[in-house]
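Engineer: only geometry, no sequence info:
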């Protein structure tokens, strides 16, 4: 019952690959990380907005993405001495290049047919499409996995994934699982430090920690209509991006660059805290995963803003913060092959439970 999960998120820093055993309790056996080549990252970022010759550029980019992912799978199998024949399936999320649930579509590329051909392993992909077809947002999809993984932990709790964007799963005994996107996670902080300091990200939030929050700028960002909507809801680079930020900053031309970074970190923390406290007031613990779990300044701000809850990385309870999403897509592949519904209508807004994924046999 071995499965591989592949996740390439909105941060576009690289591809996460996990090898898990479904029994016992979805245990992580091994993991592997492949940095995203700069030229491929640029190609994928360019596809997130309209441009010329998109069909051709998307086809080239997804072929390159699949080749990179297949190379990573081969490396993972080699270092664990696991024959491909022992892996039942690969769950591949692919790379999101457009997410427009209000227009009833979402687009992930990744050429699962080529990935199956190159690895010799069955691939399950296209997880979001069926939920969209059933009237849902197609995101977030990880709450069902969180539900299975965290059922032994104290309730009520929240599982907070902070990647390029932040999404939260709300878990409580004898209640339906809830969840939604909170808004930007690292996406604006990463974009700003890349823009001003040519650094990929703010390691541990040290640049933000040395700045001062500009409250007028913070309040203007919080006025974005997305935050006034109730779930189910999801978002992406189509809304929150460097252009969005620069447009707002045009009204604040004298703010110091480091203070902008501090304000962006506070913005991410504030939108997360507001979302959790509004949706589940008695949350006992907020378990953080994703790249944002390493941002000490962000976690400190969340601790201050949600004083009634324990805020800690999932690493502290023995669940890898870095590999949670890759593990989730391995689990989603298992659910597809076993005909187990894996969306949650209370999360996505779909008409009902659905079996997610399209199967590409080896």
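Structural biologist: Cool, got the structure. Because the structure is a prediction, the values reported are computed rather than measured.

Engineer: and stretch 223-230, average pLDDT?
Structural biologist: For stretch 223-230, the mean per-residue pLDDT is 94.

Engineer: what about the stretch 1-150 of the chain, any weak spots by pLDDT?
Structural biologist: Within the stretch 1-150 of the chain, no range satisfies pLDDT under 70.

Engineer: Walking through the stretch 1-150 of the chain, point out its strands one by one.
Structural biologist: 2-8, 14-21, 27-35, 87-100, 105-109, 123-125 (DSSP state E, counting those that start in this stretch).

Engineer: Go through those and pick out the most buried.
Structural biologist: strand 123-125 (a mean of 29; mean count of other C-beta atoms under 10 Å). All C-beta spots, glycine's among them, are computed from the backbone N, C-alpha and C.

Engineer: Run through the neighbouring helices and strands of that strand.
Structural biologist: Contact partners of strand 123-125 among helices and strands, from 3 or more C-beta pairs under 8 Å, 6 or more residues apart in numbering; DSSP states H and E: strand 87-100, helix 112-119, helix 324-337, strand 358-360.

Engineer: Would you tell me which of those gets closest to residue 40?
Structural biologist: strand 87-100 (9.3 Å; C-beta to C-beta).

Engineer: packing partners for the closest one?
Structural biologist: Strand 87-100 is packed against strand 2-8, helix 54-80, strand 105-109, helix 112-119, strand 123-125, helix 324-337, with contacts defined by 3+ C-beta pairs under 8 Å, 6+ apart.

Engineer: Pick the most buried one from these.
Structural biologist: Buried most deeply of these, by mean count of other C-beta under 10 Å, is strand 123-125, with a mean of 29.

Engineer: what's residue 226 sitting at in phi/psi?
Structural biologist: Main-chain torsions, residue 226, degrees, to the nearest 10: phi -50, psi -40.

Engineer: any chance of the helices and strands packed on strand 87-100 in TSV, with distance to residue 300 too?
Structural biologist: Listed next are these as TSV, based on distance: least, C-beta to C-beta, whole Å:
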stretch	distance to residue 300
strand 2-8	27
helix 54-80	33
strand 105-109	34
helix 112-119	40
strand 123-125	38
helix 324-337	21
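
Engineer: Determine which of those approaches residue 292 most closely.
Structural biologist: It is, among the helices and strands packed on strand 87-100 and with distance given as C-beta to C-beta, helix 324-337, at 11.7 Å.

Engineer: Tell me the bridge partners for residue 165.
Structural biologist: residue 184 (DSSP bridges).

Engineer: For it, list the residues it contacts.
Structural biologist: Residues counted as contacts of residue 165 (C-beta atoms under 8 Å, 6 or more residues apart in numbering) are 10, 181-185, 187, 235-236, 240.

Engineer: Looking at these, which has the smallest pLDDT value?
Structural biologist: Among those, residue 10 has the weakest pLDDT, 86.

Engineer: how much space is there between that one and residue 347?
Structural biologist: Residue 10 is 18 Å from residue 347, where distance means C-beta to C-beta, to the nearest Å.

Engineer: Neighbour count for those two, which is higher?
Structural biologist: The residue with more neighbours, out of residue 10 and residue 347, is residue 347; 28 against 23, by other C-beta atoms under 10 Å.

Engineer: helix/strand/coil for the more buried one?
Structural biologist: What DSSP: H, G, I helix; E, B strand; the rest coil gives for residue 347 is helix.

Engineer: Could you check the pLDDT of it?
Structural biologist: Confidence for residue 347, expressed as pLDDT, is 95.

Engineer: Hmm, it is touching residue 181, no?
Structural biologist: No - using C-beta atoms under 8 Å, residue 347 is not in contact with residue 181, being 10.1 Å away.

Engineer: overlap in contacts of these two?
Structural biologist: With C-beta under 8 Å, 6+ apart as the test, residue 347 and residue 181 both reach residue 140.

Engineer: circling back to that earlier point, most surrounded residue in the contacts of residue 165?
Structural biologist: Top of these by neighbour count (other C-beta under 10 Å): residue 184, with 31 neighbours.

Engineer: For that one, list the residues it contacts.
Structural biologist: Under the criterion of C-beta under 8 Å, 6+ apart, the neighbours of residue 184 are 164-166, 240, 264, 267-268, 271.

Engineer: coming back round to it: reformat the contacts of residue 165 as CSV; add distance to residue 2.
Structural biologist: Listed next are the contacts of residue 165 as CSV, based on distance: C-beta to C-beta, whole Å:
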residue, distance to residue 2
10, 28
181, 31
182, 33
183, 36
184, 35
185, 30
187, 33
235, 34
236, 32
240, 37
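
Engineer: In helices, which of the residues you listed fall?
Structural biologist: residue 187 (DSSP state H).

Engineer: Closest to residue 253 out of the contacts of residue 165?
Structural biologist: For the contacts of residue 165, the nearest to residue 253 is residue 240 (21.0 Å; C-beta to C-beta).

Engineer: hang on, the closest one packs against residue 187?
Structural biologist: Yes - counting by C-beta under 8 Å, residue 240 touches residue 187, with 5.8 Å between them.

Engineer: hmm, back to that, list just the nearest of the contacts of residue 165 to residue 173.
Structural biologist: Using C-beta to C-beta, these come closest to residue 173 at residue 182, 23.0 Å.

Engineer: Okay, that closest one and residue 243: tell me how far apart.
Structural biologist: Distance from residue 182 to residue 243, by C-beta to C-beta: 21 Å.

Engineer: and the gap between residue 303 and residue 317?
Structural biologist: In terms of C-beta to C-beta, residue 303 sits 16 Å off from residue 317.
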